[in-house]
Every structure is written in C-alpha cells, then in structure tokens.
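> sequence plus predicted model, see below.
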Amino acid sequence: MSLTTKVLLALVAGIVAGLLLSASAHPATPTIVAVVEPVGTLFINAIRMTVIPLVFSLLVVGIAGAPNARDIGRMGGRAVLLFVALLTASGITGAFVAPPVLSRLTIDPAAAAQLRASAASSSGALIEGSRHTPSFARWLTDLVPPNPVRSAADGAMLPLIIFAIALGLALLAIEPRRRDTVIGFFRGMADAMLVIVGWVLRAAPLGVFALALPLVARLGLSAVGALASYVVLVSVGTTLFVVVVLYPLAAVLARTPMSRFARAVFPAQAVAFSARSSLAALPALIAGARRTLGMREDVASFLLPLASATFRVGATLGLTVSAEFIARLYGVTLTPADVVTIVLTSVVTSFSIPGVPAGSIIAMAPVLASVGLPLEGLGILLGVDTIPDSFRTTANVTGQMAVAAIVGREEHGIALPDDALPGLPGAGALPHRDEVPAAEG
C-alpha cells in the first residue's frame with residue numbers, strides 16, 4: 001500500500017473518529033483529544049525542525065550551483081524574469097480568489113478559539129485573531145535581517161530567504177574552488193534534511209490521524225465541508241489559471257496557435273496529472289517542444305530542464321490559497337501586509353520546493369511562519385493533498401512549456417514548419433519512464 005493511500009485512510013479514520021466523539025458529547029472526549037493531540041504536535045515539530053536548514057540550503061545551492069553562470073546568460077535571464085512575473089501573477093490570483101470563497105465557510109468562533117489556543121500552546125507563541133498593520137517602511141526594512149541567525153531562531157522566513165539569495169549570488173563572485181567548498185556543505189545539508197523528512201513522512205499516517213481527530217472533534221461536520229472547499233478551490237483555481245492565463249500568454253507571446261501549444265503540452269500534462277511530478281513529465285515536455293513546436297534541440301535541452309527544476313507556477317497559487325485557508329480555519333484575520341508577505345514568500349519559496357512526496361506541503365511551513373499562522377494545519381492539508389497536487393503539477397508543466405515557448409521564440413529557437421517536424425532528431429515516440437520521481441506539488 002502506497003504512502004498516499006495510507007495517509008488518506010488515516011485522514012478518513014481521524015475524521016470518522018472525530019465525528020463520533022463530536023456527536024457523542026461523551027465526558028471522556030476532552031481526555032481522548034488531550035492524549036491524541038500531542039502525537040500530531042510531535043509530527044509537525046519533526047517537520048518544522050528541517051524547514052529552515054532545508055529551504056536555506058536549497059536556495060543557496062540552487063543559485064550558486066549553476067553549472068556555468070555565463071551559459072545561463074541572456075536566455076536564462078529572460079526565463080527567470082518570466083518565472084518571477086508568472087509566479088507573482090499566480091500568487092496574486094490565489095490571494096484574490098480565495099477570500100470570497102473561504103468567507104462562505106461557517107466556522108464556529110468558539111471552536112476556532114480552541115484551535116488557536118491549541119496552536120499557541122504547542123508552538124509557544126500566541127496567535128492573535130487580528131494584528132496591528134505595520135507601516136510599509138517598517139515592513140520593508142524588516143526584509144533585510146540585521147542578524148540572520150536571530151531571524152532563523154525567530155522563524156522569520158522571508159528575511160532569511162532574502163539572505164539566502166544574497167549569499168548564493170555572492171558565492172558566484174568568489175573563486176570557484178572556495179565556492180565549491182561552500183556549495184558542497186549546503187548540498188550535503190540539504191540532502192541530510194531530505195533524509196530526515198523521508199523518515200518523518202513514514203509516520204505521516206499516524207501524524208495525520210492525530211491531527212484530524214482533535215480538529216474534527218472540535219469543529220464537527222464543518223471541518224469536513226471546509227476541507228472539501230479547500231480541495232475544490234485549489235483544483236479549480238489552478239485550472240482557471242492554466243486556461244485563462246498560460247494558454248493565451250503562450251499563444252500571443254510565442255506567436256503559436258493555441259491548438260498547437262495544447263497539442264505540444266498535453267502528453268506532459270497527462271504524465272504530470274497521474275505522476276504528480278514535473279520531473280517525470282520532463283521527457284514528454286522536451287519531445288512535445290521539439291516535435292510539435294519545432295523548438296531547437298539546444299534551446300529545449302536548456303530551458304525545459306531549468307524550468308522543470310525551479311519553476312512551479314501552480315505551487316505558488318496553491319501555497320497562497322492554503323495559507324488563507326488555514327487562517328480562516330483558525331480564525332486568524334490577515335492584514336493587507338500579511339497577504340503581501342504570503343504572496344512574496346510563496347513566490348520565493350516555490351523555487352526551493354523539494355522533490356519529495358508532499359514537497360509543496362513542507363514548503364508551506366515558511367509561508368505560514370512568515371505571518372505567524374499555526375503550522376498544525378499542514379498535517380490536515382497533507383491528508384487531502386493528492387487531488388490538489390495533481391492539478392498544481394499539471395499547471396506547473398504547462399507554465400514550464402509556456403515559458404520555454406516564449407523565450408525560445410525570442411531566441412529564434414522555434415522556426416520549423418509543421419511539415420518539417422517529423423524529421424527532427426528524437427521526434428519519435430515519447431521516452432519511456434522506468435521510474436517516476438517523487439511527487440512535488
């Protein structure tokens with residue numbers, strides 16, 4: 001039985017047990033909740049302890065470990081600018097789409113207060129229902145940490161991420177031998193954290209059960225309806241972004257008929273939806289770009305692996321919606337500055353999503369921490385993440401093909417007519433996938 005199946009069964013078991021406890025109003029219910037809840041807290045804390053070293057290390061390695069910064073040059077620079085623009089648009093879309101839908105959810109204020117109190121006791125920090133909005137000047141100056149170690153200790157993720165970006169760029173400017181030493185250290189750190197995450201995820205069924213039972217015992221049927229709304233919101237939101245933004249953008253900027261672009265990306269979308277992995281869809285992306293779009297081999301071989309490894313436009317929308325959903329679930333009022341912080345952190349964090357099962361959920365931790373939202377909600381979303389993950393990953397590969405088509409056209413890398421495509425090297429059947437890499441969200 002796969003880990004995903006085990007997690008789903010554990011979620012169902014936790015929901016059923018919580019509903020039974022909620023309906024029975026048995027005097028022993030508070031005692032059962034008090035016994036089970038610490039197990040869920042341990043599961044979340046085990047993930048939390050890897051977040052800062054993992055995200056920081058992946059960002060440094062991703063920036064400073066480029067094979068040859070000059071080879072990225074003009075083409076890579078244009079691709080990165082498009083990455084940032086589309087990621088920002090995706091995050092803003094999530095920030096605007098989620099509130100009207102989530103405002104319709106009915107969450108008992110008393111139950112939300114209990115959830116906040118539980119989150120505060122387990123994390124050691126009180127989460128208030130509303131906070132004073134800081135001035136823009138204060139928010140801007142706080143982005144640059146005077147003490148990165150203090151930022152890490154305080155869980156201030158956005159300043160820490162900015163420091164990681166600065167460090168990665170600085171490493172590109174020093175002697176290669178010394179740079180490689182530092183990169184090797186951070187690569188080893190990231191690999192070690194991924195091993196720990198793998199260990200923790202083996203206990204995910206137990207952790208999800210221990211998180212779902214107390215939640216449903218307190219909220220009753222409203223928790224089930226809220227989770228269903230979350231799944232539909234992420235799935236529909238990512239699909240609309242693909243249809244309304246990515247397809248027209250590729251058609252206009254790459255000067256490619258929309259039907260042709262759809263034919264080129266469809267095989268990769270099918271792989272992405274079923275495998276939930278951009279890396280698994282990469283061979284189909286390259287074949288579609290070369291065979292159907294007529295993209296030059298050197299352009300496709302550079303742009304698509306770069307996009308597949310770093311660009312996940314669906315994840316940014318998912319991270320933003322997830323953060324706003326958890327805020328609604330726990331009765332936390334997000335200020336405009338909070339929403340801006342969530343979008344910015346989601347954009348930057350999306351570049352460091354690890355290629356492990358539920359990688360997007362793990363990457364959500366710094367997004368929540370950036371505005372003080374309770375991380376306990378991660379375990380609940382982990383249990384229902386399979387369906388949203390398929391839609392997010394499908395949006396990811398569509399965005400990757402769109403960026404490659406746009407930049408490839410700018411670099412004159414797409415020039416062949418349709419009748420010349422069968423003669424392209426490698427234009428035959430799609431490469432066979434013997435193994436499917438881990439899901440990545």
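Looks like it arrived, so ask away.

> so which elements touch the helix or strand harbouring T398?
Assignment of secondary structure by DSSP states H and E places T398 within helix 386-410. Other elements packing on helix 386-410 under the criterion 3 or more Cβ pairs under 8 Å, 6 or more residues apart in numbering; DSSP states H and E are helix 69-102, helix 221-241, helix 247-253, helix 258-275, helix 278-291, helix 297-310, helix 313-329. To be clear about C-beta, it is placed using only N, CA and C from the backbone, and glycine gets the same treatment.

> can you check the pLDDT for the nearest residue to A405 once chain neighbours are set aside?
Excluding its sequence neighbours, the residue lying closest to A405 (Cβ to Cβ, 6 or more residues apart in numbering) is A254, at 3.9 Å. Turning to A254, the model gives it a pLDDT of 89.

> residues contacting A254?
261, 293, 402, 405-406, 408-409, 414 (Cβ atoms under 8 Å, 6 or more residues apart in numbering).

> next: A79.
Taking Cβ under 8 Å, 6+ apart as the test, what A79 contacts is 303, 306-307, 311, 403-404, 407.

> of these, closest to A95?
F311 (19.6 Å; Cβ to Cβ).

> distance of the closest residue to the closest one other than its chain neighbours relative to A404?
For F311, ignoring the flanking residues on the chain, the nearest one in space by Cβ to Cβ, 6+ apart is F83 at 4.7 Å. Distance, F83 to A404, by Cβ to Cβ, to the nearest Å: 11 Å.

> what touches both of these two?
Common neighbours of F83 and A404 are listed as A307 (criterion: Cβ under 8 Å, 6+ apart).

> which one of these two has more residues nearby?
A404 (34 against 22; other Cβ atoms under 10 Å).

> wouldn't the more buried one be in contact with F302 here?
No. Contact criterion Cβ atoms under 8 Å: A404 and F302 do not qualify, at 9.0 Å.

> find the residues that touch each one of those two.
Common contacts of A404 and F302 (Cβ under 8 Å, 6+ apart): none found.

> in contact with the nearest residue to L171 once chain neighbours are set aside, which residues?
The shortest distance from L171 to any non-neighbouring residue, by Cβ to Cβ, 6+ apart, is to A64 (3.7 Å). If you count contacts by Cβ under 8 Å, 6+ apart, A64 has them with 167-169, 171-172, 179, 182-183.

> so how do I select the buried members of those in PyMOL?
A single PyMOL command selects the buried members of the contacts of A64 (16 or more other Cβ atoms under 10 Å):
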select buried, resi 167+168+171+179+182+183
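
> looking at the contacts of A64, which are in strands?
Residues of those located in strands (DSSP state E): none.

> which helix in the chain has the most residues?
Secondary structure of the chain per DSSP state H: the longest helix is helix 29-64.

> can you give me the angle that helix makes with helix 69-102?
150 degrees (axes from the mean of the first three to the mean of the last three Cα atoms, to 10 degrees).

> what residues of helix 29-64 count as buried?
Buried positions in helix 29-64, judged by neighbour count with 16+ other Cβ under 10 Å: 29, 32-33, 36-37, 39-41, 43-44, 46-48, 50-64.

> over to stretch 290-307?
In stretch 290-307, counting by 16+ other Cβ under 10 Å, buried: 290-296, 299-300, 302-307.

> how far off centre is that stretch?
Centroid separation for stretch 290-307 versus its chain: 25 Å, with Cα atoms, centre = their mean, to the nearest Å.

> now do stretch 370-382
Counting by Cα atoms, centre = their mean, stretch 370-382 comes out at 13 Å from the chain centroid.

> now the terminal residues of that stretch, how far apart.
20 Å (Cα to Cα, to the nearest Å).

> give me the number of residues near G331?
Counted with other Cβ under 10 Å, G331 comes out at 19.

> what does I196 give?
15.

> ok, Y230 touching F325?
Yes. Under the criterion of Cβ under 8 Å, Y230 makes contact with F325 at 4.9 Å.

> can you list residues touching both of the two?
In contact with both Y230 and F325: L381, using Cβ under 8 Å, 6+ apart.

> more neighbours: which of the two?
Neighbour totals were compared for Y230 and F325, and Y230 leads with 26 against 23 (other Cβ under 10 Å).

> in contact with that one, which residues?
321-322, 325, 381, 384, 388.

> which stretches of this protein aren't confidently modelled?
4, 66-74, 107-139, 155-158, 219, 274-275, 298, 354-359, 362, 410-441 (pLDDT under 70).

> repeat the analysis, applying 50 as the threshold.
Residues of the chain that meet the criterion pLDDT under 50 lie in 122-134, 355, 357, 415-439.

> what is the neighbour count of the residue lying closest to L58 once chain neighbours are set aside?
Nearest non-adjacent residue to L58, counting by Cβ to Cβ, 6+ apart: S352, 4.0 Å away. By other Cβ under 10 Å, 23 other residues sit near S352.

> what do you get for V245?
With other Cβ under 10 Å as criterion, V245 counts 19.

> for it, which three-state class applies?
With DSSP: H, G, I helix; E, B strand; the rest coil as the basis, the three-state label of V245 is helix.

> so it sits against L87, correct?
No. V245 lies out of contact with L87 (Cβ under 8 Å); the separation is 11.8 Å.
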